[in-house]
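J.: sequence and predicted structure below; questions after.
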Amino acid sequence: MDTFLFFMRTLWIYYNASWVIENTEHYQNKWLMFLWFMMIYLIPLLFYRPGYIKLIKFFIVEALLTGSMFFYMMAQFQIIGAYDFLYLPLIMIAYVCQIRPYLWIGMFTSIFIFLTGTWLGNHFTENFISIAINTTLFYMMGFCLGRVTIINNKNKELINSIQEKNKALEQYSRRIEELTIMEERNRVSQDLHDSVGHIFTSVITSLDALPFVMRANQQEAEESIREIANLARNGLSDVRKTIHQISPTENRQPLSHSFQQVISEFMKHTGTNVDFKIEGPEKEIGERIKFTFIRCLQEGLTNAIKHGRATQIFVRVTFNEAALQLEIKDNGIGIDSLNLGFGLQGMKDRITALNGVVYIESERNQGTELRCSIPLAKEVMWND
């Protein structure tokens with residue numbers, strides 16, 4: 001629109017300058033008119049041109065230069081055709097004066113120029129109403145063009161803002177995807193660590209005891225070998241399920257039954273006594289919480305044998321209205337300072353992801369106690 005008005009103003013200057021200079025009598029006056037029109041054309045360009053505008057300065061010079069020329073033409077020629085000179089300046093003034101207070105200042109300035117020129121040209125006649133209507137239409141045309149330009153500029157700004165936000169959202173989406181992939185890799189690695197660590201601890205313990213069993217009873221040794229093979233097969237199946245993100249409790253069996261299976265296999269292959277108790281009425285819980293507690297149980301049992309060298313382990317699961325709790329306590333050698341390894345850190349991350357907490361207490365020669373708690377109030381959200 002700015003470019004269009006620039007070309008229109010150029011044609012308007014050329015047409016009116018040619019007409020005025022041609023109808024000016026004296027040679028010196030012709031040069032004066034030429035210089036005056038050059039000022040009308042060039043000076044406003046210092047403050048308004050395509051892509052650049054200084055509203056106040058342009059409005060002042062446009063009103064003064066074109067208004068003074070209109071007064072001269074009305075006083076000198078006193079013809080109705082002189083109103084044609086005023087139309088484009090009115091369009092320009094209305095076009096740029098779109099905000100308050102310039103909206104009203106531009107309107108009253110245009111009315112003042114029109115009435116003053118009419119008085120100088122002595123045109124308060126029966127044609128005054130039609131001339132006023134025509135002039136008003138041109139002013140309204142400029143005002144409408146200005147409103148359209150403002151709306152277009154706002155739409156462009158909005159589109160640019162939306163594009164920038166889309167780029168930011170795309171970057172955010174890529175970042176979320178990267179974090180999701182990283183989190184999933186960590187989850188799979190933690191699951192593999194828990195399942196493989198639990199199975200291999202049982203296998204290694206059974207293999208360590210196998211030479212003594214073979215010397216004592218050949219038939220019992222063969223039975224132990226078959227049990228170790230079955231345990232390895234189950235471990236392989238568990239690893240495959242973890243890789244394919246399938247919970248080992250996919251048959252929807254209760255948590256107590258799953259715990260009994262894990263503990264029974266652990267006792268069978270390690271020879272460690274595990275005292276398992278459930279307190280409170282068992283509730284139906286989501287698969288994610290159930291899977292997390294099974295992994296915590298496996299990690300706790302494995303650490304009790306591997307690091308604590310325990311011979312007696314106590315496991316207690318408590319169901320209450322607020323939370324589900326798991327306690328694992330052993331009579332092992334304990335530790336003086338606690339450093340979370342990969343398995344314990346992964347277990348803590350799983351519990352924290354479900355808004356739960358993990359407590360680990362241990363003293364030298366006093367065993368280790370592990371407590372995990374997950375609020376059941378979040379169960380509905382996780383099931384959804």
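T.: Now that the structure is in, tell me what you want to look at. Numbering: from 1, shown residues only.

J.: which SSE is the spatially most central residue of the chain in?
T.: For the chain, Leu169 is the residue whose C-alpha lies nearest the centre (CA atoms, centre = their mean; 4.9 Å). Leu169 is part of helix 128-216, with elements assigned from DSSP states H and E.

J.: repeat that for Trp36.
T.: Judged by DSSP H and E, Trp36 forms part of helix 27-45.

J.: and that helix, what does it pack against?
T.: Under the contact criterion of 3 or more CB pairs under 8 Å, 6 or more residues apart in numbering; DSSP states H and E, helix 27-45 touches helix 2-22, helix 55-77. No exception for glycine: its C-beta is placed from N, CA and C like everyone else's.

J.: could you chop this protein up by domain?
T.: For the chain, automatic domain parsing gives the domain ranges 2-124, 175-383.

J.: of those, which is nearest Asn152?
T.: Closest approach to Asn152 among the domains of the chain (CB to CB): domain 2-124, 11.2 Å.

J.: I'd like the domains of the chain written out as JSON lines, with mean neighbour count, distance to Thr135 and mean pLDDT added.
T.: Listed next are those as JSON lines, based on neighbours: other CB atoms under 10 Å; distance: least, CB to CB, whole Å; pLDDT from 0 to 100:
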{"stretch": "domain 2-124", "mean neighbour count": "16", "distance to Thr135": "6", "mean pLDDT": "84"}
{"stretch": "domain 175-383", "mean neighbour count": "16", "distance to Thr135": "60", "mean pLDDT": "77"}
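
J.: same list (those) but as CSV, adding distance to Ser161.
T.: Listed next are the domains of the chain as CSV, based on distance: least, CB to CB, whole Å:
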stretch, distance to Ser161
domain 2-124, 20
domain 175-383, 21
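
J.: Thr136 is nearest to which of the ones you listed?
T.: For the domains of the chain, proximity to Thr136 was assessed by CB to CB; domain 2-124 is nearest, at 8.8 Å.

J.: gap between the two ends of that closest one?
T.: 35 Å (CA to CA, to the nearest Å).

J.: repeat that for stretch 267-285.
T.: Termini of stretch 267-285 sit 26 Å apart (CA to CA).

J.: what's next to that stretch, contact-wise?
T.: The contact list for stretch 267-285 (CB atoms under 8 Å, 6 or more residues apart in numbering) reads 201-203, 205-206, 209, 227-228, 231, 254-256, 259-260, 263, 266, 301, 304-305, 310-320, 324, 376, 379.

J.: just the ones of these in strands?
T.: Among the contacts of stretch 267-285, DSSP state E puts 312-319, 324 in strands.

J.: for the domains of the chain, which one sits closest to Asn153?
T.: domain 2-124 (10.6 Å).

J.: now do that closest one: distance to the chain's middle.
T.: 52 Å (CA atoms, centre = their mean, to the nearest Å).

J.: one more: stretch 284-296?
T.: Worked out by CA atoms, centre = their mean, stretch 284-296 lies 31 Å from the chain centre.

J.: how far off helix 2-22 does the helix holding Trp36 point, in degrees?
T.: If you take axes from the mean of the first three to the mean of the last three CA atoms, to 10 degrees, helix 27-45 sits at 170 degrees to helix 2-22.

J.: need the next SSE after helix 27-45, C-terminal direction.
T.: strand 48-49.

J.: and the next element down the chain from that following strand?
T.: strand 52-53.

J.: list the contacts of that next one.
T.: Contacting residues not belonging to strand 52-53 are listed as 2, 47, 96 [CB under 8 Å, 6+ apart].

J.: kindly present those as a markdown table, with separate columns for distance to Arg174.
T.: Converted to a markdown table, the contacts of strand 52-53 look like this (distance: CB to CB, whole Å):
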| residue | distance to Arg174 |
| --- | --- |
| Asp2 | 39 |
| Phe47 | 46 |
| Val96 | 44 |
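
J.: ok, and the closest non-adjacent residue to Ile351?
T.: Val358 (5.0 Å; CB to CB, 6 or more residues apart in numbering).

J.: now do the contacts for the one you found.
T.: Val358 sits in contact with 347-348, 351-352, 370-373, where contact means CB under 8 Å, 6+ apart.
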